[in-house]
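Novice: Next one to model:
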Amino acid sequence: MTTLGSAIATPATAAARSVVDVLQPLHTLEGEGFPVRRPFPTPQIPQLDPFLMVDQVGPVDLGPGEPKGAPDHPHRGFETIAYVLEGDIEYADSTGNRGVVPPGAVQWLTAGAGVVHSAQPTDAFRARGGLQHNLQIWVNLPAALKGLRPRTQNATAAQIPVVRRPDGSWFKVIAGTAHGATGPFETQVPVTVVHASIAPGESAELPAPAGRNAAVYVLSGSGSVGSAEVTDGELAVLADDGDTVTVAGGPVGADLLFLSGEPIGEPVFRSGPFVMNTAEEIEQAFDDYAADRLGRYED
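Specialist: Below you'll find the predicted structure:
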């Protein structure tokens with residue numbers, strides 16, 4: 001669904017948040033060895049409660065046989081969001097779910113009590129090569145929901161609302177509500193996830209309710225967040241001193257990922273693919289994985 005017209009005006013009483021810090025991303029390898037740019041977790045920001053991680057894969061133009069993915073690996077205690085901008089992802093998991101995430105689409109996996117899954121390029125994409133670009137976002141679950149049965153939600157590009165402005169800016173609302181549009185996913189914790197493209201020299205406001213943690217990550221281009229100048233790869237972490245954030249596009253515009261979420265406020269113990277509340281729960285997760293108990297559920 002695409003919504004045309006001007007963005008919804010922000011009430012005059014809304015206060016704009018300031019920026020606490022602008023941070024550089026970490027560069028690392030994941031899966032079969034594909035490079036990722038990771039705004040967090042880093043030593044400067046181990047998490048943005050309830051968000052645990054953001055990885056940007058690409059954009060990179062790959063030759064035939066070069067696209068890589070992530071073979072079978074386990075998860076427990078949180079949710080993963082796979083957002084494909086270019087290329088594709090074919091997924092399969094130990095509960096029997098299978099599918100393909102094409103460009104513009106999103107897979108939202110609630111790992112909950114545990115699942116083993118893979119996320120690979122399709123055979124066709126791997127064979128021909130091409131532009132690969134996707135985002136992997138992890139969202140924590142509170143202790144009361146870490147035992148949920150694993151669940152997959154999918155939305156095509158056409159099912160995710162986009163608000164377009166006459167100046168060329170647009171806002172793709174993946175989760176939560178922004179500019180009068182609401183994302184298609186049922187979320188376990190209150191979060192807002194928006195992919196925003198701000199036209200050169202233009203500005204816009206996004207909702208960042210008081211009490212929520214919020215940040216803006218620059219996927220490409222440059223511009224500003226509040227009074228802070230930002231450029232490609234930087235993460236602007238917002239102070240909790242208002243209920244909106246002002247973003248602006250620089251000379252070539254700015255492609256942004258906006259995150260806002262209600263903090264869970266519980267202890268976080270993480271080790272590789274598991275995120276729990278205690279070290280003992282992490283140890284149990286590794287034991288269950290070794291015994292092939294993840295994703296094996298009786299109806």
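Novice: How confident was the prediction at the residue positioned nearest the centre of the chain?
Specialist: Using C-alpha atoms, centre = their mean, the residue of the chain that lies closest to the mean C-alpha position is Ile137, 3.1 Å off. Each residue has a pLDDT score; the one for Ile137 is 98.
Novice: And Pro267, by the same measure?
Specialist: Looking at Pro267, its pLDDT stands at 97.
Novice: What number of residues are in the vicinity of the residue lying closest to it once chain neighbours are set aside?
Specialist: Once flanking residues are discounted, Pro267 sits nearest to Asn277: 5.2 Å by C-beta to C-beta, 6 or more residues apart in numbering. To be clear about C-beta, it is placed using only N, CA and C from the backbone, and glycine gets the same treatment. Counted with other C-beta atoms under 10 Å, residues neighbouring Asn277 total 18.
Novice: who's in contact with Asn277?
Specialist: Contact analysis of Asn277 by C-beta atoms under 8 Å, 6 or more residues apart in numbering lists 143, 146, 266-269.
Novice: Buried subset of those as a ChimeraX selection?
Specialist: Here is the ChimeraX command that picks out the buried ones among the contacts of Asn277, judged by 16 or more other C-beta atoms under 10 Å:
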select :146,268,269
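Novice: Return the subset of the contacts of Asn277 lying in strands.
Specialist: With DSSP state E as the criterion, strands contain Phe269 from among these.
Novice: Need the contacts of Asn277 in a markdown table (columns: distance to Ala196).
Specialist: Putting the contacts of Asn277 into a markdown table (distance: C-beta to C-beta, whole Å) gives the following:
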| residue | distance to Ala196 |
| --- | --- |
| Ala143 | 33 |
| Lys146 | 31 |
| Glu266 | 30 |
| Pro267 | 33 |
| Val268 | 28 |
| Phe269 | 33 |
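Novice: Sort out which one of the contacts of Asn277 lies nearest Val106 for me.
Specialist: Nearest to Val106, judged by C-beta to C-beta, of these is Lys146 at 22.3 Å.
Novice: Pull the number of nearby residues for the closest residue to the closest one other than its chain neighbours.
Specialist: Distances taken as C-beta to C-beta, 6+ apart place Gly77 nearest to Lys146, at 4.6 Å, with adjacent residues excluded. For Gly77, the neighbour count with other C-beta under 10 Å is 29.
Novice: List the contacts of the nearest residue to Ser18 once chain neighbours are set aside.
Specialist: With sequence-adjacent residues excluded and distances taken as C-beta to C-beta, 6+ apart, Ser18 is closest to Ala239, at 4.8 Å. For Ala239, the contact set (C-beta under 8 Å, 6+ apart) comprises 17-20.
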